[in-house]
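[1] Here is a sequence together with a model predicted from it:
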Amino acid sequence: MLAAMSSAALRPSSQATAVSRDRGDACPGTLRLHAADDGALARVRIPGGVLTVRQAEVLADAAERLGDGDVHLTSRGNVQLRGLADGCGAALAESLTAAGLLPSRGHERVRNIVASPLSGLDAQGFLDVRPWLSALDTALCASEAAQALSGRFLFALDDGRGDMADLEADVTVRAAADGGAQLALGSAGQALHLSAEDAPRAALAAAEAFLEAERAGGTRAWRVAELALADDELTALAGRRLTAEGIGHRRRVRETGRADGPQPGVVGDALSVHVPLGRFSAPQWRELTRVTVGELRLTPWRGVVLPTPGTSAAQRTEALARLDTVGLVTAPDSPWLRVGACIGRPGCAKSRADVRADATATLGAVGALQHQSGLPLYWSGCERRCGHPRGERIDVVAAPEGGYRLSVAGPGPGDDGARAVDLDDPSRLAVALAKIT
């Protein structure tokens, strides 16, 4: 398919800044493990965050049998297994393949798809995106060209409520009020309006247009934002590809409405829970499989939505109490909803501190202060800030000389660090937050 499009019209844009990747994408997967200080790490792509109960059980078994015993969630609704023993790659791949979690070895790192986790469960979106999710994942795994996408390229499927809008996806498909769909690339202000039926095929075509632009530019790029091409120019290129493939579309102003992800509690025909710092113990994970009906939906906010159709209000309340008992967050006023952290020591050699221990020890200060900004706190062991949330937040970064440096990270480039304060002792976090907010 790539050869069908001409690249003659592609020109560098003065509005875009190219990022040339002079090394291969080292993003881990399940076939290529990452060596960390606490053992090997595997990242299992879970398109849309959707797991059957059986698949969830296989992940828990793998974590206990081969790793550190915990199931770790990522900011894209994927799963990481840490502390894996040397030489376990073949056994892990065999287990995941048998469970349907590794449908195509050539595509295992490119199946990065986030989707509205409450879609079809609370009557809030314009349509249920589950058919889109299945169709896009199938199309991705059938596309030879798609294997060239980096492990960081991200698709987002939004049912129209706008909960995917802040995730900075490379290709976003959003349901429209008229029954159609909008296709947008990166942060482009323009979108392509098309039929809902064509949306999955159009999303793949847009990703292949990105690959064409990358190849024509002569540099390696992992994300749309790294191309030396303005987003709206890439939108035009994607439109030409859709036309070539017989997908009708019209150019429109992009929908910009935004919505938050699901809060903990009972939401429609589902339960929503959050896990502190994105780390489930095996018993916590297995309690989820006992409560849900048929599947789990992992969210990009390190939470889980558990569909419970056919259950009574009393049953849902009892199930929520069980999840609270095992240490999961079930109330929307928990301070854990505003606190996150990278893996830190001892799992990461680059980390300067055990950030998770410090985040846990200072949780009371976050809850008691209720700082006026309401911004989330993200603890990082170094300046890379791995796994940080999108948008405005307070970064708590371990300093080279010890202690931490707090700064307000803004939503745009150049905003980071405009307001900052040093924190010598984590126990004085409340004082530092009062100064910075």
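    Now that the structure is in, tell me what you want to look at. Numbers count the residues shown, from 1 in each chain.

[2] from here on, contacts and neighbour counts on C-alpha atoms
    Noted.

[3] and the spatially most central residue of the chain, what does it touch?
    The chain has residue 76 as the residue nearest its centroid, 1.4 Å off, counting by Cα atoms, centre = their mean. With contact taken as Cα atoms under 8 Å, 6 or more residues apart in numbering, residue 76 is in contact with 112, 113, 114, 299, 300, 301.

[4] try 10 Å this time
    Residue 76 is in contact with 45-49, 112-115, 154, 156, 167, 298-302, 387, counting by Cα atoms under 10 Å, 6 or more residues apart in numbering.

[5] Return the subset of these lying in strands.
    113, 114, 115, 156, 298 (DSSP state E).

[6] ok, so of those residues, who is nearest residue 60?
    residue 298 (14.4 Å; Cα to Cα).

[7] Can you show me the strands along the stretch 101-250 of the chain?
    113-115, 155-158, 171-175, 180-185, 190-195, 250-253 (DSSP state E, counting those that start in this stretch).

[8] for those strands, which one sits closest to residue 349?
    Judging the strands of the stretch 101-250 of the chain by Cα to Cα, what sits closest to residue 349 is strand 113-115, at 29.2 Å.

[9] in a strand, that's where residue 280 is, yeah?
    Yes - according to DSSP: H, G, I helix; E, B strand; the rest coil, residue 280 belongs to a strand.

[10] quick one: it and residue 431, what's the gap?
    Per Cα to Cα, to the nearest Å, residue 280 is found 31 Å from residue 431.

[11] Tell me the helix or strand right after the helix or strand hosting residue 395.
    In this assignment (DSSP states H and E), residue 395 forms part of strand 393-398. Downstream of strand 393-398, the first helix or strand assigned by DSSP H and E is strand 404-409.

[12] just to revisit the earlier point, filter the contacts of residue 76 down to the buried ones.
    For those, a burial check counting by 16 or more other Cα atoms under 10 Å picks out 45-49, 112-115, 154, 156, 167, 298-302.

[13] quick one: residue 212 from residue 148, how far?
    Counting by Cα to Cα - residue 212 and residue 148 are separated by 11 Å.

[14] Those two: which is more packed in?
    Using other Cα atoms under 10 Å, the more surrounded residue of residue 212 and residue 148 is residue 212, with 23 against 14.

[15] Quick check: pLDDT value at the more buried one.
    In this prediction, residue 212 carries a pLDDT score of 95.

[16] Same check on residue 35?
    At residue 35, the pLDDT value in this model is 88.

[17] Surely it and residue 41 touch.
    Yes - in this structure residue 35 lies within contact range of residue 41 using Cα atoms under 10 Å: 6.3 Å.

[18] Quickly list what's touching both of the two.
    Contacts common to residue 35 and residue 41, judged by Cα under 10 Å, 6+ apart, are 28, 82, 83, 84.

[19] Tell me the buried residues in stretch 334-354?
    For stretch 334-354, a neighbour-count test (16+ other Cα under 10 Å) marks 335-345, 347-348, 351-354 as buried.

[20] Kindly report the same for stretch 190-202.
    Those would be 190, 191, 192, 193, 194, 195, 196, 198, 199, 200, 201, 202, for stretch 190-202 by 16+ other Cα under 10 Å.

[21] Do I have it right that the second one meets residue 173?
    Yes - with the criterion set as Cα under 10 Å, residue 191 and residue 173 qualify as a contacting pair; they are 9.4 Å apart.

[22] Next, show the common contact partners of those two.
    By Cα under 10 Å, 6+ apart, residue 191 and residue 173 have these common neighbours: 181, 182, 183, 184, 185.
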